[in-house]
Each structure stands twice: as structure tokens, then as C-alpha cells.
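# kindly generate the corresponding structure for this input.
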Amino acid sequence: KRFYSDNYLFRDGRMPVKQEDGKWQVIDDNGAVKGTDYTDIRPFSNRCAAVKDDNGKWGYIDVKSNLIIECIYDYAGDFSQSGLAAVKLDNDYFYINKKGEKQFDKSFIDAQNFDTSSIAKVTTDKGVGILNIHGEYVLQPGVYDELGNVAMENGYVAVKNDEGKWGYVDSLGNVVVECK
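The predicted structure is shown next:
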């Protein structure tokens, strides 16, 4: 069969590839096909990849292409270094571990993947906030009107107050630059 990589990169020695018939499979770094066909496969992250079945539901496979979490989710994010992933089921976002167990006693309107600093942007009915990998709010939802991308390579998150002015907080929620 002829494959198209669709611009994915090898991660964990595996790469999702799209076949001519539109189905996705996984190949290893020798080009050998691993596992079965899926409607979509996201790149591997922390030795797992989100896969979409013919019913439009997402689950997860491991690097051996074993289905480790059933395809039941409406959305499936990447597993972070902390071993947690954001998923959506019905109208709720929440976090699961690699066993598919819900973490924390919280659900969200929206949830991003955890970054390298082990924090994630979440949206509740009170607004946007920042959650850590222990399920604790580093920045309570609703304190700021908007948050920039929560990617802590530089150690800061941009925040916008109710006057439309921007500033920065660190990964602990401490104000580093006042909104001006």
C-alpha cells in the first residue's frame, strides 16, 4: 500500500500515516505497519496516540498499536509528560490517566493539554483559569477575562483584565507584570 505521512513526524519510534483509501495506520521507523486502520490518528505523545474509530469516537493506542483506552470520547488530547490527557465526553471536558480513569473531581467547558510546566488552561462557567496536574487551580477561573497560550517555555502566561489590558503571571499564578 502507498502511504502519505500528512506531515506527521516520528515520535516514540512511530508515525501515523494516511493510506490512499483515507484510512490511517501506524508505521514504525523501519516502515513496517503496526496495528489496524482508523479514521484518524494523532501523533504519538508520551508513548500513546489518540485514534478515531468509524463511529467518530476517540480512544488511545500504545506504541505497539494496542487499544489501551476504548474509543468513547468526542475529543481526545495528547498525553502530557505527567501522564494526563484532556478528553471530551458529551458536553464535558475532563482529564484521564493512561488507564482511562477520570482524574480530579472537576469537569470543564473546555480544557487544554498540560504543558511542560504541568499546567493547563481550562474554561468553567466562571471563566478561564489555570489548573495544575494535582487538579488544583493555580489561577482561579474568572480572575482574568482572557489567557494567552499556556505554554510555559518562557515561564509566563499572558493575562487580560476586564479593562482590556494585558500582563503576565508565572506558573504559580503570581503576577509578574501588572496589566497595563
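# tell me which helix or strand in the protein has the weakest average pLDDT.
One helix or strand of the chain scores below all others by mean pLDDT, DSSP states H and E: strand 3-4, with a mean of 62.
# can you name the element that comes right after that strand?
Once the chain leaves strand 3-4, the next helix or strand it forms, by DSSP states H and E, is strand 14-19.
# next one: that following strand to chain centre, how far?
19 Å (Cα atoms, centre = their mean, to the nearest Å).
# now swap in stretch 108-128 and tell me
The answer for stretch 108-128 is 10 Å, by Cα atoms, centre = their mean.
# what mean pLDDT does it get?
Here stretch 108-128 scores 91 as its mean pLDDT.
# buried residues, stretch 141-151. List them.
For stretch 141-151, the neighbour count (16 or more other Cβ atoms under 10 Å) marks 141, 143-144, 147, 150 as buried. The way it works is simple: take the backbone N, C-alpha and C, and place the C-beta from them, glycine included.
# residue 109 is in contact with residue 94, correct?
No: under the criterion of Cβ atoms under 8 Å, residue 94 makes no contact with residue 109, lying 11.1 Å away.
# who has more neighbours, those two?
Just comparing residue 94 and residue 109: by other Cβ atoms under 10 Å the higher neighbour count belongs to residue 94, 19 against 15.
# and the gap between the more buried one and residue 28?
For residue 94, the distance to residue 28 (Cβ to Cβ, to the nearest Å) stands at 32 Å.
# so where's the chain shaky on pLDDT?
Residues of the chain meeting the criterion pLDDT under 70: 1-7, 150-154.
# residue 164: how many residues sit nearby?
Residue 164 has 9 nearby residues by other Cβ under 10 Å.
# against residue 104, how distant is it?
If you go by Cβ to Cβ, the gap between residue 164 and residue 104 works out to 32 Å.
# do the same with residue 49
Taken as Cβ to Cβ, the span from residue 49 to residue 104 is 23 Å.
# residue 110 too?
From residue 110 to residue 104 the distance is 15 Å (Cβ to Cβ).
# pull the contacting residues for residue 157.
121, 130, 139, 147-150, 168-171 (Cβ atoms under 8 Å, 6 or more residues apart in numbering).
# wait, residue 170 sits on residue 159?
No: if you go by Cβ under 8 Å, residue 170 and residue 159 don't touch, sitting 10.8 Å apart.
# more neighbours, these two?
Comparing residue 170 with residue 159 by other Cβ under 10 Å, the one with more neighbours is residue 159, at 24 against 17.
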